[in-house]
Each structure stands twice: as C-alpha cells, then as structure tokens.
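1. Okay, here's the prediction I keep looking at, along with the sequence it came from:
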Amino acid sequence: MKAWFFGSGEFAALCFREIAPHLRFERVVTLPPSAAGRGKALRPTPLEEQARLLGFEPLHSPRPSTDPRLLEDLVKSPPDLALVVDFSRLIRDPLLNGPRLGCFNIHPSLLPAYRGAAPIQRALMDGKATTGVTLFRLVETMDAGPILAQASIPVGPETTSGELTENLALLGSQIFLKSLKCLCGSYAEYIAQDDSASTVAPKIDKLEERIAWSEPCEGIHNKVRALNPAPGAYCVHSGKRLKVWRTRPVSGDFPVAAQVVRFEEGFPVVACSTGTLILLEVQPEGRKITRGDEWARGSRVKEGDLLE
C-alpha cells in the first residue's frame, strides 16, 4: 500500500512512531521549522524529529494542497491513502480526494465532541472523566467527516495533557492499523457525524494561561493539568511569574482568594473562590521545576501571602 503522512505536533509524532514500523510511508509532510525559545532559533516540528529518528526525510510544506511537488506526485504516483494527524493545515482538493481510498485523520476526541485544535486540553479543562479517539475520513469542513472507528478511554483526576496525549496516540494508532484491513478489503463502514451534537475545542489563548484564584479549586486544578507540559499555567509571586505544574484540590473555604492559608507537610495551600489548592510542583521564573515545599522554603513563603 502506498501511503502519505501529514503532521506537525507532538500527537502526530507519537502516532507516527507507532504506525511507521507497520506501514511504510512514501511521503512524510510537515511544516517548516519555526523560531522558538529566547534565542528564536529555528526548531523542527516534533513530527520531523521523530521521522528523522526512524530514517525518513520529511518534506516541508506550509500549503500542501497547492504544493507543486505534491500535486505532481499525486498525478504520477498517487497514494492509496493519506493519514493526516495534528497538522494544523486544512487539506483541500485535489489532494483531499486524490488518494484512492481517501484522506484519513486520527483525532483525539470522541467526535463530534471537541472539534478543533485543542481537544485534549479542552476535555481536561472541562473535567471529563472519559474521552477517546476517532478515525474518520477527511472532508472540506474541519473534523466533520464520516467516522470509521472510535475508542474511548477513562481520564483520571490527576491525568495531565502530556500523559493523555501519549495514551490517546497509542489508542488511535491501534484503531488505525486495525482499520487498514477494512480499507484494503473495501468493506469499511462509515457513520455520519451528528453536527447538531458537535462542540468546539479552540486553540489555547495566552490569556487563558494565567490562573484566576477567584475560580473554584477544581477548575484551577483542571486548567493546571490541561496545560502541562505546555504552555503551562501560571500566577505571579513577588512580581515574578510562577508556573504551576501540579496541584491537588482540598476542601476548606476562606474569605480571601489567592491567599496562602496554611501548609500541609511544607506544601503551600492557596485559597480559591471555593475550596483550596495544594501547590505540589512549581517553577519560579528563570529556574527549573521544583517541589512546592522546596519553593516555599527557598522563597520564604508564609501564611497570608498573596499570589496574583
């Protein structure tokens, strides 16, 4: 089978790692390297890094649907299918319907729920106890194509975005490889999505990264784990940014939100609008991630201090 792979992000890289040993991709397409970090050095996409580790030479293409190299290949030697994962670019004709079997996508949600760029983070922010992956055929409308297969997975109350991404990539890769038999045998069955039941998972806005202590502790806890490992939720302590990586909600209401109300085994406990939050793992500006109790001792945090 001739297959092409399109992807860019971490979810794409993880899926590629699982699928590539079983299906040889003739084309691996990703976005060009982008400037990142304080030095603005060019950094390849996670998919490119993973593909090179496995011996593939990716093609950089910011606009694949109009890329003359891909369109020429599509005419001369069209693939049987294309797999598009975490690519952040829409696939349009003639590329969309060029492969004999079509273009497919592994999406980390139970579609039609959480269509869009950040399904994993949004599900965690909403405190969902269950989510999953969907394998569907691409159409012009984003994440709206007919479903070939789905699988669900439980979500623990402490699960982070990074952990859930790993689990969903493995599950999505498994259902894709199983579905290849149906596709090759031309007996695949599709289920149309119910557009009236769809929900949207927009990209995380920078303004959402800041913790609002005026919210309930469960909501803040869900935000922290949804933004771990990137981009990270933060607050401000002593005029400097403090990223919060791991927390634990506990009961107890206090009149002043954002105030350090006590310590539990050395870990600071911060009041929210309802309940309190133990800071288990934090990262002061310009420093490495550290335990909350170690940070509290080193920064001389005391009861009554306020976090902005």
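-> Received it, and whenever you're ready, just let me know what you need. All values reported here derive from a predicted model rather than from experimental measurement.
2. mean confidence score for stretch 260-269?
-> What stretch 260-269 shows for mean pLDDT is 97.
3. hang on, I meant stretch 179-187
-> Rounded mean pLDDT across stretch 179-187 is 86.
4. pull the longest strand from the chain.
-> The residue-count maximum for a strand in the chain (DSSP state E) belongs to strand 240-250.
5. What's the end-to-end length of stretch 116-133?
-> From its first residue to its last, stretch 116-133 covers 13 Å (C-alpha to C-alpha, to the nearest Å).
6. in the helix or strand of the chain with the lowest mean pLDDT, what's buried?
-> Least confident helix or strand of the chain, by mean pLDDT, DSSP states H and E, is strand 34-36 with a mean of 82. Going by neighbour count (16 or more other C-beta atoms under 10 Å), nothing in strand 34-36 comes out as buried. The way it works is simple: take the backbone N, C-alpha and C, and place the C-beta from them, glycine included.
7. Correct me if wrong: residue 274 contacts residue 254.
-> No - using C-beta atoms under 8 Å, residue 274 is not in contact with residue 254, being 9.8 Å away.
8. In this structure, where is pLDDT below threshold?
-> Residues of the chain that meet the criterion pLDDT under 70 lie in 37, 39.
9. Run through the helices of it in chain order.
-> Along the chain, counting by DSSP state H, helices occupy 10-19, 46-53, 68-76, 119-125, 161-184, 217-226, 292-298.
10. Just name whatever secondary elements the last one is in contact with.
-> If contacts are counted by 3 or more C-beta pairs under 8 Å, 6 or more residues apart in numbering; DSSP states H and E, helix 292-298 sits against strand 267-271, strand 276-284.
11. The longest strand of the chain pairs with which strands, and in what direction?
-> Partners of strand 240-250 in the sheet, by DSSP bridges, are strand 233-237 (antiparallel), strand 276-284 (antiparallel).
12. what's next to that strand, contact-wise?
-> Residues outside strand 240-250 that contact it (C-beta atoms under 8 Å, 6 or more residues apart in numbering) are 158, 160, 211, 217-218, 220-221, 224-225, 228-229, 232-236, 264, 269, 275-285, 289, 307.
13. Cool, thanks, signing off.
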